[in-house]
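1. give me the fold of what follows.
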Amino acid sequence: MDMEKLVALCRRRGFIFQSSEIYGGINGFWDYGPLGVELKRNIKEVWWQDMLRNPPPGPDGQEISMVGVDCALIMNPRVWEASGHVGGFTDPMVDCKESKKRYRADQLMVIHPAHADHEKGSDSAFNRLWAFIKEDQDSYKLALKKTEKFAKKLGAKMPEPLPIFPLLSVLEHEDQLGHVVGPDTDEAGTLTKPRKFNLMLKTFIGAVEDESGVAYLRPETAQGIFVNFHNVLDSTRLKLPFGIAQVGKAFRNEINPRNYTFRSREFEQMEIEFFCHPDESTKWYQYWRDVRIRWYSQLGIKSEKLRPREQSVEERAHYSVGTTDIEYLFPFSDEPQELEGVAHRSDYDLKQHAQHSGKDLSYFDDEAWERDKDKFPDPKKAQEAKSGPPYRFLPHVIEPSAGADRFALAVLCEAYTEDQIPDEKGVPQTRVVMKIHPRLAPIKAAIFPLVKKDGMPEKAQALYRDLKKQFNVFYDDKGAVGRRYRRQDEAGTPFCITIDGQTLQDDTVTIRDRDTTKQSRVAMKQVVEELRKKLEPQT
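-> The predicted structure follows:
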């Protein structure tokens, strides 16, 4: 799929706009238009319904307890010290002294033609390394073009296969930085040495901007759940296992936002922290991994583009016992990219916050104690037993963490289709259609009068008013009905309902299916129920 076509459609039809576009935009920030906001809202609401209000049964068929929270964007800075974000949430950064651009050093690759000759034991005419941004096809093509131009100037032959290495591995050798040509310059030696760069966006609270007022926009929603663990426990009296869910904004000062909305500085997360007994954590990790993969498939993401990938030990975060990345093959990349991570976080987070806050964040299993308390007739020994395992312990946590924006982008990429359908004269015409899953579609149905006379508009408007009480629907009576269909195809509307001459005779309407273009007749009084059936979750 041509990503440029999708971006153009998203802007033209009101899915996504560049933030502050009339002022030249701002890198890494995006606005959702009338269709985009409905799509993203539907994604969040479907996630909330399927994961929190009506989650699938647990591994043993038991009901799962889930509750939600909505935590502040700005928290006490000590939260981020405890979580490790202040000291460890950093990426290596390089600046280009000529272009004034900044890059993540671990995201830069270099074309290193000289390496091929060195492997053969000869001296190479190449004395340059051309850098490009990993998984950025435009950046790679530019670097390749510069490499070929340099080779032609020298009369040298390009090696096959072309040697490509991570910049950081090249910089392990002395004096290599001076030979590197940055992604956005033609001169070598303009990149600075890598240095650490904290990804949290800093702000200030209070009247004076000094160190005493430093705060951060949250880089993730998870920590708000962890610091409220006992508040939720005390107010709901939940018993393990249970989950706490949250949907909300997070911010990261990405050095190089790219690939449309995929890597942004402001984004929205849909996260669950599922607390369970340590002995059962592996079982729950496998459960949530399978549930989350199945959820994407049920919402229209094709299996060949969706894949789960278990991270290697080297890849995992320091707190992770195991992590599965649920990935999707986007058009802008040769390799699948992360939609969601399902992580086994063990008891790391509760332990960290307990140590830094001085508060007891352990869980007391009163059911187990009631079962065993007669084993401890001595009050002193009973108190000692109650204060430690197996009755008091820190729960383990399984975290399915999804990106609402990334899933919205995956939905748009998956939905974009060009096909051929005949016009009124039977001549094949190219049609652009967004085959968005009906549960996620911004507009559920469009209502058309075939013509603006003979009482058809009145009947269509009455049906529209009836449907809009339950669904997001659209009324359109402008232009030929074929053009109206095309407009709704581009908007991703799964069903178009037309009031025509037969409606005036028997009070039936046609319902057109977006994907097949097939039409069926339904009694007008049954349209609400018919639409509800078509929009119900498919098990």
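2. hey, where'd the strands end up in the stretch 401-539 of the chain?
-> Along the stretch 401-539 of the chain, the segments classed as strands by DSSP state E, counting those that start in this stretch run 416-422, 428-434, 445-449, 473-475, 495-499, 508-513, 519-523.
3. mean pLDDT and mean neighbour count for those - can I get that in CSV?
-> For every residue, glycine as well, the C-beta is placed using N, CA and C. Listed next are these as CSV, based on pLDDT from 0 to 100; neighbours: other C-beta atoms under 10 Å:
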stretch, mean pLDDT, mean neighbour count
strand 416-422, 88, 13
strand 428-434, 90, 16
strand 445-449, 96, 26
strand 473-475, 97, 19
strand 495-499, 96, 24
strand 508-513, 95, 19
strand 519-523, 94, 13
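4. low-confidence regions, this protein specifically.
-> Applying pLDDT under 70 to the chain picks out residues 88-89, 115-125, 174, 538-539.
5. would a markdown table of the strands of the stretch 401-539 of the chain with distance to R265 be doable?
-> Below are the strands of the stretch 401-539 of the chain laid out as a markdown table (distance: least, C-beta to C-beta, whole Å):
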| stretch | distance to R265 |
| --- | --- |
| strand 416-422 | 25 |
| strand 428-434 | 27 |
| strand 445-449 | 35 |
| strand 473-475 | 33 |
| strand 495-499 | 37 |
| strand 508-513 | 40 |
| strand 519-523 | 46 |
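6. now stretch 195-203, how far from the centre of its chain.
-> Here the centre of stretch 195-203 is set off from its chain's centre by 22 Å, with C-alpha atoms, centre = their mean, to the nearest Å.
7. show the end-to-end separation of that stretch, please.
-> For stretch 195-203, the first-to-last residue distance is 22 Å (C-alpha to C-alpha, to the nearest Å).
8. show me what counts as buried in it.
-> Residues of stretch 195-203 classed as buried: F197, N198, L199, M200, L201 (neighbour count, 16 or more other C-beta atoms under 10 Å).
9. swap in stretch 465-477?
-> So, applying 16+ other C-beta under 10 Å, buried residues of stretch 465-477: D466, L467, V473, F474, Y475, D476, D477.
10. beyond the helix or strand encompassing L9, next helix or strand please.
-> Assigned by DSSP states H and E, L9 falls within helix 3-13. Counting by DSSP H and E, the next helix or strand C-terminal to helix 3-13 is strand 16-18.
11. what sits up against whatever helix or strand comes next after that following strand?
-> Sequence-wise, the next helix or strand downstream of strand 16-18 (DSSP H and E) is strand 30-32. Residues from elsewhere that reach strand 30-32 (C-beta atoms under 8 Å, 6 or more residues apart in numbering): F15, I16, F17, Q18, S19, L39, K40, T261, S264, E266, D405.
12. buried residues, strand 30-32. List them.
-> For strand 30-32, the neighbour count (16+ other C-beta under 10 Å) marks W30, Y32 as buried.
13. name every strand pairing with it and say which way it goes.
-> strand 16-18 (antiparallel) (DSSP bridges).
14. mind listing what's buried in the partner strand?
-> In strand 16-18, counting by 16+ other C-beta under 10 Å, buried: I16, Q18.
15. can you check stretch 383-400 too?
-> Applying 16+ other C-beta under 10 Å to stretch 383-400 flags A385, Y391, R392, F393, L394, P395, H396, V397, I398, E399, P400 as buried.
16. just the ones of these in helices?
-> Counted as lying in helices by DSSP state H, out of the buried residues of stretch 383-400, are A385.
17. quick check, nearest of the buried residues of stretch 383-400 to P428?
-> Nearest to P428 among the buried residues of stretch 383-400 is P400, at 44.3 Å by C-beta to C-beta.
18. D290 is in contact with that closest one, correct?
-> No. P400 is beyond contact range of D290, at 10.7 Å (criterion: C-beta atoms under 8 Å).
19. what about the helix holding L9, distance to the chain center?
-> For helix 3-13, the distance to the chain centre is 19 Å (C-alpha atoms, centre = their mean).
20. what of stretch 381-391?
-> 43 Å.
21. ok, now stretch 277-290?
-> Stretch 277-290 sits 23 Å away from the centroid of its parent chain (C-alpha atoms, centre = their mean).
22. how about stretch 333-349?
-> The answer for stretch 333-349 is 11 Å, by C-alpha atoms, centre = their mean.
23. check which residues of that stretch are buried.
-> Across stretch 333-349, burial judged by 16+ other C-beta under 10 Å covers 333, 336-337, 339-349.
24. quick one: which two of those are the most distant?
-> Farthest pair in those, by C-beta to C-beta: S333 and D347, 35.1 Å.
25. the closest residue to K302 other than its chain neighbours: neighbour count?
-> Distance criterion C-beta to C-beta, 6 or more residues apart in numbering; nearest residue to K302, sequence neighbours excluded, is E414 at 6.6 Å. By other C-beta atoms under 10 Å, the residues close to E414 number 23.
26. could you do A207 as well?
-> If you count neighbours by other C-beta under 10 Å, A207 ends up with 6.
27. now do the one 5 residues further on
-> Under the neighbour criterion other C-beta under 10 Å, S212 is assigned a count of 9.
28. please begin residue numbering at 21 from this point
-> Right, with 21 as the first residue, what we last looked at is S232.
29. checking the nearest residue to it once chain neighbours are set aside next. Helix, strand or coil?
-> Closest residue to S232 apart from its sequence neighbours, by C-beta to C-beta, 6+ apart: G226 at 7.6 Å. G226 carries the three-state label coil when classified by DSSP: H, G, I helix; E, B strand; the rest coil.
30. from V234, how far off is G226?
-> Using C-beta to C-beta, to the nearest Å, one obtains 10 Å as the distance from G226 to V234.
31. quick one: buried residues of stretch 119-137?
-> 121, 123-125, 127-137.
32. circling back: out of the contacts of strand 50-52, the closest to Q306 would be?
-> Nearest member of these to Q306, counting by C-beta to C-beta, is D425, at 27.3 Å.
33. what number of residues lie near the closest residue to R285 other than its chain neighbours?
-> Nearest residue to R285 in three dimensions, chain neighbours excluded: G48, at 3.5 Å (C-beta to C-beta, 6+ apart). Close neighbours of G48, defined as other C-beta under 10 Å, add up to 20.
34. hang on, G48 packs against F287?
-> No. Look at G48 against F287 with C-beta under 8 Å: they stay out of range, at 9.4 Å.
35. ok so, going back, and G226 and V234? Which one has more around it.
-> V234 (14 against 10).
36. just list the residues touching that one, thanks.
-> P97, K222, T223, F224.
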